[in-house]
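Student: let's see this in three dimensions:
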Amino acid sequence: MTPQTFFRCFAGALLMVASAAVSAQAVHADRADVPMLTDASAREVAALIAQPGFAEGVTGALATHPDRGVPLSRLMARFDPQARTQATRTLAATERQVRLRKGLPADGADLLQVRAYVPAGASLGDVPASALWVATLPRGDDRQWTTLTAYDASGRSHLLDARVPPAFPVLIVDVDTRTAMEAGLQVVNAGLVARGLQSPERIRLAANGSASLDLTRLDRIRLADDQEPWALGAAEVFAVVSGLQVGAAAPEMVTVTLPYLDHDNTDYSPGQPLVVWGNYRFDTANVQLFEDDGDTNYQDLLVALTDGVKLALGAFAPEYAVIADIAGAILKAMPTTWFGNDTDYLDSFYLLQRGQAYTDRMGAANNAKVTLSPVTLTE
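Tutor: Next up, the predicted model:
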């Protein structure tokens, strides 16, 4: 096996670069449509609660891990295996619209899901299955939410306090953000490659022919308490690693998922490769953290990281001082709404150095604390 083959498999999986180029005909849909679609789906599910067997199927699927979503399509396949009902057809059409509105390819894993909020010390079975309410997440900045709407089997709506959890179990219909984010960041990374803003991996070759690859490993991370509403569930966090290209006056960028980072105020020790060195001039890079709460359109994110960053930077000389400017340009390029509910900015780590260890380093926004270690992989 050649050194290039050895590391291509590793780095390709790590950076999540999709094999196909992003279509130039990408749809830039209104992200505000996603809450509208999930609200309509919550109404459909609430109406189905009254149908014999459906509610029991939902509670059975969620019994072990109520907070882990179950694909709505899977529940419908069990309830209506022949796909004969209008509800099945309606929800399938809504699923397709969700993928479109999120800037994802038409084919892929289903995104609409049902999960449950269950108060501490309670169980999903404390409420008769047919009496469960089905909630949907509001629009806008989650920090400004005051109420949530939930529907019962008769179609009546009920308001729940967004900050004070209910004393009884509630079903929630929303988007499986983890699945969407994994697919979406593949789209973003493929687009960055196609636009010349993400380079192939550069491997060091020694005189004896051996190969090595330098990494910065994320050993520990902790997010501060963000006081998000109870209904949002686990966070979905991704990083944008950026710097200056080695051979051109252009940014170098890659997105990386942090799928384990579910909750704030909690220490995580992932041992995850975070920065793959070799493509960053001056051996220096920035890492910025964002949380996706479910409404992100990944085609829009790609445009922000390409056209938006280029516009914010303007013409520049490839000097060391530009590296921090690239991180600033990323924040400037993000639409204002992305600092609300759909994509929350968490923190930035500027000018990280190749081969440098960092212990309990706080981000610039004082919201994230990380411990990083240098690692060299050899063939």
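
Student: now do the strands in the stretch 1-150 of the chain.
Tutor: Secondary structure of the stretch 1-150 of the chain by DSSP state E, counting those that start in this stretch: the strands cover 70-71, 112-117, 134-136, 147-151.

Student: between those strands, which one is nearest to Pro166?
Tutor: Within the strands of the stretch 1-150 of the chain, the stretch nearest Pro166 is strand 112-117; the backing value is 7.2 Å (Cβ to Cβ). From N, CA and C alone the C-beta is placed, and that goes for glycine too.

Student: follow-up on the earlier one: tabulate the strands of the stretch 1-150 of the chain (TSV), appending mean pLDDT, mean neighbour count and distance to Thr371.
Tutor: Formatted as TSV, those follow (pLDDT from 0 to 100; neighbours: other Cβ atoms under 10 Å; distance: least, Cβ to Cβ, whole Å):
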stretch	mean pLDDT	mean neighbour count	distance to Thr371
strand 70-71	96	18	35
strand 112-117	97	23	32
strand 134-136	97	24	38
strand 147-151	97	19	37
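
Student: now render those strands as a markdown table, adding distance to Leu37.
Tutor: Shown next, in a markdown table, are the strands of the stretch 1-150 of the chain (distance: least, Cβ to Cβ, whole Å):
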| stretch | distance to Leu37 |
| --- | --- |
| strand 70-71 | 15 |
| strand 112-117 | 8 |
| strand 134-136 | 10 |
| strand 147-151 | 15 |
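
Student: those strands: which one's closest to Gln245?
Tutor: Nearest to Gln245, of the strands of the stretch 1-150 of the chain and by Cβ to Cβ, is strand 112-117 at 39.0 Å.

Student: partner strands of that closest one, with direction?
Tutor: When pairing is defined by DSSP bridges, strand 112-117 lines up against strand 70-71 (antiparallel), strand 170-175 (antiparallel).

Student: looking at the strands of the stretch 1-150 of the chain, which is closest to Gln299?
Tutor: Once these are compared by Cβ to Cβ, strand 112-117 is nearest, at 19.6 Å.

Student: follow-up on the earlier one: which stretch among the strands of the stretch 1-150 of the chain comes nearest Arg195?
Tutor: Nearest of the strands of the stretch 1-150 of the chain to Arg195, taken as Cβ to Cβ: strand 112-117 at 31.1 Å.

Student: what does that closest one rub up against?
Tutor: By Cβ atoms under 8 Å, 6 or more residues apart in numbering, the surrounding residues in contact with strand 112-117 are 38, 41, 45, 58, 62, 66-73, 75, 91, 94-95, 98, 124, 134-135, 165-166, 169-176, 230-231, 233.

Student: which one of the strands paired with strand 112-117 is the most hemmed in?
Tutor: strand 170-175 (a mean of 26; mean count of other Cβ atoms under 10 Å).
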